[in-house]
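S.K.: here is a sequence with its predicted model. Questions after.
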Amino acid sequence: MNDKQKKFDLIGSLALAASILCWSLMPVMLKSFKPYISGWESNAIRYPFAALLLTPPLLYFWRKGQVSKEVWRLALLPTAVNVIAQGLWAWLPYFMDAAMIGFLVRISVLFAIAGGLLVFADERPIMRSPLFWIGSVLCIAGFVIMNVYGGNLSSETTFMGVILVLVCGMFYGLYGVTVRYSMRGTRPWVAFPVISIYTSLVLIVFLWIFEPESHILQVAREDTGPFLMVLLSSLIGIAMAHTFFYISLERLGSAISGGTQLIGAFIVALWAYLWFGERMTFIQWQGGIVLLLGGALLLSAQTRIHPKSMDPDEVPIEPRVPD
């Protein structure tokens with residue numbers, strides 16, 4: 001192992017932390033406008049608005065000749081995975097309560113870790129790191145403590161709901177894997193704008209098919225506050241969160257970037273306390289501390305790998321530009 005592989009990637013780590021913080025804000029933000037719009041309407045507003053925000057940098061790099069036509073073809077696979085996950089996510093509230101959804105969908109972490117280790121040879125050296133395995137176990141244990149022993153779960157669910165949420169979690173977990181596999185060599189601020197444009201088009205079609213009597217325009221006219229919150233959630237939870245996540249995928253790989261997402265469960269609880277005054281129990285605090293410790297160990301294990309996407313010779317799509 002060379003010295004280059006032993007370096008701690010501060011930029012990648014900060015980007016990963018930023019993605020977790022952004023995504024952890026979404027449950028409380030979505031809760032604030034849930035009474036006003038449906039899941040299909042939320043998807044059809046938030047993704048197109050994020051795509052609109054990300055279009056200027058995409059046009060900038062296109063004019064500089066740094067957006068290959070091949071990018072549009074390679075973006076189809078991660079887009080398909082993302083669309084399926086988003087579509088299932090919109091249906092889940094009809095089959096189970098929010099707490100159970102938030103718990104079961106985290107199976108995505110297992111698929112993210114397994115997919116990263118199976119698909120990418122440059123991530124497999126991390127399997128020899130005790131820090132990686134200890135960190136993974138602690139993250140899962142902390143998450144279970146917070147949700148099962150912390151009393152977050154209820155029995156209001158259905159068999160179909162369990163199936164849907166597990167499939168949804170699988171696709172969310174494989175999303176990062178397919179992004180890294182298909183878009184390797186494409187900078188995050190080019191890769192996600194392309195994927196967000198594709199995803200937006202499909203989600204608008206979903207709205208037209210599944211909710212043709214949408215009242216989005218009425219909400220925008222009569223309830224400006226909730227509508228602005230929808231747009232703000234688009235900026236934070238889609239445009240910013242995904243871009244940060246793509247940076248961490250590029251620099252840290254799929255296994256670490258996906259595995260540490262469990263920390264979001266604890267951050268969500270902190271946001272809920274600050275936003276709605278929802279207090280955590282003592283055992284939930286204990287689970288959260290275990291989660292943070294596990295996440296720190298997972299991040300420490302990154303020194304065992306050096307993703308090929310950071311190798312100047314591994315840029316099959318476009319020339320690299322300065323960060």
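M.R.: Structure's in. What do you need?
S.K.: CA atoms for contacts and neighbours, from now on please.
M.R.: OK.
S.K.: next one, pLDDT for the nearest residue to S182 once chain neighbours are set aside please.
M.R.: Distance criterion C-alpha to C-alpha, 6 or more residues apart in numbering; nearest residue to S182, sequence neighbours excluded, is L74 at 5.5 Å. Note on L74: pLDDT of 93.
S.K.: worst-scoring helix or strand of the protein, pLDDT-wise?
M.R.: Within the chain, confidence by mean pLDDT, DSSP states H and E is lowest for helix 98-104 among all helices and strands, at a mean of 68.
S.K.: what's downstream of that helix, the next helix or strand?
M.R.: Using DSSP states H and E, the helix or strand that directly follows helix 98-104 along the chain is helix 108-119.
S.K.: show me what counts as buried in that next one.
M.R.: Residues S108, V109, L110, F111, A112, I113, A114, G115, G116, L117 are the ones in helix 108-119 that count as buried (16 or more other C-alpha atoms under 10 Å).
S.K.: returning to what we had before: what's the burial count for the residue nearest to S182?
M.R.: 20 (other C-alpha atoms under 10 Å).
S.K.: same question, A75
M.R.: A75: 21 surrounding residues under other C-alpha under 10 Å.
S.K.: tell me the contacts of the residue nearest to it when sequence neighbours are not counted?
M.R.: Of all residues not flanking A75 in the chain, I195 sits nearest, at 5.8 Å (C-alpha to C-alpha, 6+ apart). Taking C-alpha atoms under 8 Å, 6 or more residues apart in numbering as the contact definition, I195 lies against A75, L76, P78, T79.
S.K.: what lies in contact with the helix or strand hosting the last one?
M.R.: For T79, the enclosing helix or strand under DSSP H and E is helix 76-91. The set of residues that contact helix 76-91 without belonging to it, under C-alpha under 8 Å, 6+ apart, is 39-40, 43, 164-165, 168-169, 171-172, 174-176, 178-179, 182, 195-196, 198-199, 202-203, 206.
S.K.: give me the pLDDT value at K6.
M.R.: What the model reports as pLDDT for K6 is 58.
S.K.: could you pull out the buried residues of the helix or strand hosting Y172?
M.R.: Per DSSP H and E, Y172 falls inside helix 159-182. Using 16+ other C-alpha under 10 Å as the test for burial, helix 159-182 gives 161-162, 164-182.
S.K.: output the below-cut-off pLDDT ranges for the stretch 1-150 of the chain.
M.R.: Scanning the stretch 1-150 of the chain for pLDDT under 70 picks out 1-6, 97-100, 102, 149-150.
S.K.: can you give me the helices for it?
M.R.: 10-24, 26-33, 39-63, 69-74, 76-91, 98-104, 108-119, 130-144 (DSSP state H, counting those that start in this stretch).
S.K.: which neighbouring elements make contact with the shortest one?
M.R.: Spelled out, it's helix 69-74. helix 188-210 (3 or more C-alpha pairs under 8 Å, 6 or more residues apart in numbering; DSSP states H and E).
S.K.: could you give the angle of the helix it packs on to helix 76-91?
M.R.: With axes from the mean of the first three to the mean of the last three C-alpha atoms, to 10 degrees applied, the angle from helix 188-210 to helix 76-91 works out at 50 degrees.
S.K.: helix 188-210 to helix 159-182, inter-axis angle?
M.R.: 150 degrees.
S.K.: any idea how far K34 is from F49?
M.R.: Using C-alpha to C-alpha, to the nearest Å, K34 is found at 18 Å from F49.
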